[in-house]
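*Asks:* A predicted structure for the sequence below; I have some questions about it.
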Amino acid sequence: MRPPSPSIPEKEFLNSALKQNLRIDGRIPLDMRTPVFIFGPELGWVDCSLGKTRVVAYVDAKMVKPTPERPFEGMITIHSELSPYGVQRINSPRPSEEEVTITRMLDKIIKRSDALDKESLCILAGQRVWHIRLSLHFLADAGNMVDCACLAGIVALRHFRRPEVEVIGDDEVIVHSPLERAPMPLAIHHSPFCFTFAFFADPETPPILDPTQLEQRLSAGLMSIALNAQKEICVLQKLGGVPQDTEEILRLVKVAVAQAKELSNTVDAKLTADWATRKVEVR
Amino acid sequence: MNASRPIQISYDGLARVDGSARFSFGDTVALASVSGPIEVRLAAELPSQATFDVSVRPLNNVPSTESKSQAATIRSAIAPSLILNKNPRTLIQLVIQTLSPTSTPRWTDGLLAAMINSSTLALLNAGSVPMRGVVCAIAIGKTRDGELLVDPEEARVAELIQGGCFAFMVADGAGLESNSTTVWTNWRALERTFDEMGLMSAREAAKDAIKGVYASMKSSIMPERIGHGDDDKMEI
């Protein structure tokens, strides 16, 4: 049977290593793990991994009747349930605290920040709109699932193509299959990325970016910043934990801005490379 | 008789679980992970054997009634191959994730077969649960013209009038012919009435087709024979 982690030697080793600016996996404190993307055969399926943390995101779309309050807008729902991959949480009706945090962050970053344009999802006002469903599956937790989930979600939404529809007259809608007409990408205003910093109780220990499982467990506070490459902050979340002064927070925001630019270029390159491998004939 | 769609096996090495494996028939992919024997909640504890818990997570949605039904099905197919009384008062947890969307809700047997196969491979990859044999599964369909299709593709599902998934437990020893027994099947008629002869002939076809599946599984675990070029390849 596995003993409960973290043990006292692990705790002491991590704390003394971090005091000397050394992380167990060899990174410098403000270094993020390189994300690896695997795109599936379907459009909208992406497997994103940050080190050993893996999240699979899948987007699908169906046509539904819009809500009466908002007849011109489409709908987006995000499903993100933590599965018991090695976590003892079977059949418990209450989601764990981490799951609640992840769900709320995803909601704020992807839905509330209007990353995806809802009005472009309207087909026939008041009668038919697209309902985009994003499902996230957490395959492995090696720390920092929030960042990985947000990244996977945004990349999947950008990768997805919805079928083309044609509206004839006032009430006839023809949905073209992908074989007849090339499917359309979703209207994405901006791509927010999330960065999580972990703080420790000891004032001499610097904050670290993208914590691993052990670092996350032993941290005394976490702060997540979600922003896009255009330096617009969508979410800045710090739920309790060790108090930090303003200069420190501003310094970390600058770090996140630099990381966002780099990550945005990486994501763009990977999406273009994948799109080049797909056969899209335009006659 | 046709061959099944190309089989691909890979061992993902997921963090914090004891074993994980991915199995696919063509584009139908399932990923399974096993942890065990691990600590069990008091309510689920059994005094003389390990608790075997299976959960299925579909790609499109949060788990629903169908997932619970599939989990119960997979549990009854895999349980005969496990020796659970070696680890009493512990938990063997199997989580299966489908990685391909189900475009034909009428026919999910190809996916079911992939899920059973990936579960077996995950258990073998973990190596911590004693097993009697290896459970391999394959889907069989029968068309209107009486043709038996092994692992029918989605394009041909509309032609089927009878179909189902067969799971066999294979234990090496005297040879595959005598050492595979059917442990589970859900053969049913999709149209018209059920016909027992159809079931018998389908089972024979499945028994034949399972040899290919078993061979793929075995070669994914055992390296190539010494002297035959690069070994340690885990993928077919």
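*Replies:* Happy to help now that I have it.
*Asks:* make it CA atoms for all contacts and neighbour counts henceforth
*Replies:* OK.
*Asks:* what ranges do the helices span in the stretch 51-200 of chain A?
*Replies:* Ranges of helices within the stretch 51-200 of chain A are A:97-106, A:145-159, based on DSSP state H, counting those that start in this stretch.
*Asks:* tell me which element the nearest residue to B:W187 once chain neighbours are set aside falls in.
*Replies:* Of all residues not flanking B:W187 in the chain, B:G164 sits nearest, at 4.0 Å (C-alpha to C-alpha, 6 or more residues apart in numbering or on different chains). Taking DSSP states H and E as the definition, B:G164 sits inside strand B:160-170.
*Asks:* As CSV, could you dump the C-alpha coordinates of that strand?
*Replies:* The C-alpha trace of strand B:160-170 is given here as CSV (Å, rounded to 0.1, in the frame of the first residue of the first chain):
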residue,chain,number,x,y,z
LEU,B,160,-25.8,-5.4,-39.5
ILE,B,161,-28.8,-7.3,-38.3
GLN,B,162,-27.1,-9.2,-35.4
GLY,B,163,-24.0,-8.2,-33.5
GLY,B,164,-22.2,-8.3,-30.3
CYS,B,165,-18.9,-8.4,-28.5
PHE,B,166,-17.2,-11.6,-27.3
ALA,B,167,-14.6,-11.8,-24.5
PHE,B,168,-12.4,-14.8,-24.1
MET,B,169,-10.0,-15.6,-21.3
VAL,B,170,-6.8,-16.9,-22.8
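*Asks:* quick one: contacts of that strand?
*Replies:* With C-alpha atoms under 8 Å, 6 or more residues apart in numbering or on different chains as the contact definition, strand B:160-170 has outside contacts at B:77, B:81, B:109-110, B:112-113, B:133-144, B:176, B:179-192, B:194, B:203, B:206-207, B:210, B:214.
*Asks:* quick one, the helix or strand following it and strand B:160-170 angle?
*Replies:* Sequence order places strand B:180-185 as the next helix or strand after strand B:160-170, per DSSP H and E. If you take axes from the mean of the first three to the mean of the last three C-alpha atoms, to 10 degrees, strand B:180-185 sits at 130 degrees to strand B:160-170.
*Asks:* pLDDT averaged over strand B:180-185 - what is it?
*Replies:* Model confidence over strand B:180-185, given as mean pLDDT, is 80.
*Asks:* what helix or strand does the residue nearest the centre of chain B sit in?
*Replies:* By C-alpha atoms, centre = their mean, the mean C-alpha position of chain B lies nearest to B:I116, the distance being 1.8 Å. Element membership of B:I116, judged by DSSP H and E, is helix B:109-126.
*Asks:* May I have that helix exported as PDB, CA atoms only?
*Replies:* Only the C-alpha atoms of helix B:109-126 are listed here, as PDB (Å, rounded to 0.1, in the frame of the first residue of the first chain):
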ATOM      1  CA  ASP B 109     -19.400  -2.900 -29.300                       C
ATOM      2  CA  GLY B 110     -16.200  -2.000 -31.000                       C
ATOM      3  CA  LEU B 111     -15.500   0.500 -28.300                       C
ATOM      4  CA  LEU B 112     -16.500  -2.000 -25.600                       C
ATOM      5  CA  ALA B 113     -14.000  -4.500 -27.000                       C
ATOM      6  CA  ALA B 114     -11.300  -1.900 -27.100                       C
ATOM      7  CA  MET B 115     -12.100  -1.000 -23.400                       C
ATOM      8  CA  ILE B 116     -11.800  -4.600 -22.300                       C
ATOM      9  CA  ASN B 117      -8.600  -5.100 -24.100                       C
ATOM     10  CA  SER B 118      -7.000  -1.900 -22.700                       C
ATOM     11  CA  SER B 119      -8.100  -2.900 -19.200                       C
ATOM     12  CA  THR B 120      -6.400  -6.200 -19.500                       C
ATOM     13  CA  LEU B 121      -3.200  -4.600 -20.800                       C
ATOM     14  CA  ALA B 122      -3.300  -2.000 -18.000                       C
ATOM     15  CA  LEU B 123      -3.600  -4.900 -15.400                       C
ATOM     16  CA  LEU B 124      -0.600  -6.600 -17.100                       C
ATOM     17  CA  ASN B 125       1.300  -3.300 -17.100                       C
ATOM     18  CA  ALA B 126       0.700  -2.800 -13.400                       C
END
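*Asks:* need the next SSE after it, C-terminal direction.
*Replies:* Under the assignment DSSP H and E, the closest C-terminal helix or strand after helix B:109-126 is strand B:134-143.
*Asks:* Direction-wise, compare that following strand with strand B:160-170 and give the angle.
*Replies:* Counting by the same axes, to 10 degrees, strand B:134-143 lies at 160 degrees to strand B:160-170.
*Asks:* most tightly surrounded among the helices of the stretch 51-200 of chain A?
*Replies:* Greatest average neighbour count among those goes to helix A:145-159 (a mean of 26), per mean count of other C-alpha atoms under 10 Å in any protein chain shown.
*Asks:* What ranges does chain B have for its helices?
*Replies:* With DSSP state H applied, chain B shows helices at B:65-78, B:109-126, B:196-221, listed in chain order.
*Asks:* Centroid-nearest residue for chain A?
*Replies:* Nearest to the mean C-alpha position of chain A, counting by C-alpha atoms, centre = their mean, stands A:C150 at 0.6 Å.
*Asks:* need the helix or strand of chain A with the lowest average pLDDT.
*Replies:* Lowest mean confidence among the helices and strands of chain A (mean pLDDT, DSSP states H and E): strand A:172-175, at a mean of 84.
*Asks:* need the residues of chain B near chain A, please.
*Replies:* Residues of chain B found near chain A (C-alpha under 8 Å from any C-alpha of the partner chain) are B:14-17, B:33, B:35, B:37-39, B:59-62, B:95.
*Asks:* Chain A versus the nearest residue to B:T90 once chain neighbours are set aside, what's the distance?
*Replies:* Of all residues not flanking B:T90 in the chain, B:A50 sits nearest, at 4.9 Å (C-alpha to C-alpha, 6+ apart). Counting by C-alpha to the nearest C-alpha, to the nearest Å, the gap between B:A50 and chain A amounts to 13 Å.
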